[in-house]
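Enquirer: Coordinates for the following, if possible.
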Amino acid sequence: MIKKLATFIIFAGIVLIWISCFQYYKTIEAQKNSLKEAYKILDIDNQTAKEKPTMKNEKEQFNPHQGDTVGILEIPKLGAELPIVEGTADDDLEKGVGHYQGTAYPTQKDQIVLSGHRDTVFRRMGELKIGDILIIKLAYGSFAYKIDSTKIVKANDQTIIKSTAPEEELILTTCYPFTYVGSAPNRYILTAKPVE
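Expert: The predicted model follows:
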């Protein structure tokens, strides 16, 4: 009886490890595909920009649908290029950094909120410090931001996402503590201002 129980426990452990590895691999592949898609979007739009001398209203008309890959978040200090996907549902965050729907995009003069999982795209977020640069690359341009503050808030804190108009502000959010197993009780917040 004990041998059967031990065999079952070992087998169950192997299955759980395999499932975890498979899910991690699936997430990494989804992020790679989203990043390839983002590069294609940026390249196509760069070619279009060469053909059209003005893309005057493109930034005002920029309104992607949930799940669309829209650009790249570059973090030079970490050597990271992460796909930005519209939305923060589980399917969106599996593909990359999620843009919180209802918040702004660069040059729209309001708060921009990007969220990601602490164990995938933002696993090294704790290494970023005040003064580090973040770059958002979209179809209508590249925009640099300098980190000016960090803080930790409760997971249910509703005061973080708010209008900052006419001031533009970039917020990155992820679960905290970074090494917590399960649903984390807090959120780690990075705030950055446009580099002029």
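Enquirer: So in the chain, where's the weakest helix or strand by average pLDDT?
Expert: Across the helices and strands of the chain, mean pLDDT, DSSP states H and E gives its lowest value to helix 58-61, namely a mean of 58.
Enquirer: and after it, which helix or strand comes next?
Expert: strand 69-75 (DSSP states H and E).
Enquirer: Send over that following strand as PDB, restricted to the C-alpha atoms.
Expert: The C-alpha coordinates for strand 69-75 follow below in PDB (Å, rounded to 0.1, in the frame of the first residue of the first chain):
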ATOM      1  CA  THR A  69      -0.200  43.500 -30.700                       C
ATOM      2  CA  VAL A  70       0.400  47.300 -30.800                       C
ATOM      3  CA  GLY A  71       4.100  47.900 -30.200                       C
ATOM      4  CA  ILE A  72       7.200  47.200 -28.100                       C
ATOM      5  CA  LEU A  73       8.300  48.200 -24.600                       C
ATOM      6  CA  GLU A  74      12.100  48.500 -24.700                       C
ATOM      7  CA  ILE A  75      13.900  48.400 -21.400                       C
END
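Enquirer: hmm, who's touching it?
Expert: With CB atoms under 8 Å, 6 or more residues apart in numbering as the test, strand 69-75 has contacts from 34-35, 37-39, 41-42, 64, 80-86, 95-97, 99, 105, 114, 128, 132, 134-139. Bear in mind the C-beta positions are built from the backbone N, C-alpha and C, glycine included.
Enquirer: Among those residues, name the ones in strands.
Expert: Taking DSSP state E, the ones among these that sit in strands are 80-86, 97, 99, 114, 134-138.
Enquirer: Quick check on the residues you listed: which are buried?
Expert: 80, 82-86, 97, 99, 114, 134-138 (16 or more other CB atoms under 10 Å).
Enquirer: Show me the two of the ones in strands among the contacts of strand 69-75 that sit farthest apart.
Expert: 80 and 86 (19.7 Å; CB to CB).
Enquirer: Poorly predicted segments of the chain, please.
Expert: Scanning the chain for pLDDT under 70 picks out 20-34, 39, 44-61.
Enquirer: try 50 this time
Expert: 47-56 (pLDDT under 50).
Enquirer: how about the residue nearest the centre of the chain, what does it touch?
Expert: Geometric centre of the chain, nearest residue: residue 97, 1.8 Å, by CA atoms, centre = their mean. Residues in contact with residue 97 (CB under 8 Å, 6+ apart) are 73, 82-85, 114-116, 121-122.
Enquirer: likewise residue 166?
Expert: With contact set as CB under 8 Å, 6+ apart, residue 166 has these partners: 109-110.
Enquirer: how near is it to residue 90?
Expert: Between residue 166 and residue 90 the distance is 33 Å, computed by CB to CB, to the nearest Å.
Enquirer: what's the answer for residue 35, then?
Expert: The value you get for residue 35 to residue 90, if CB to CB is used, is 19 Å.
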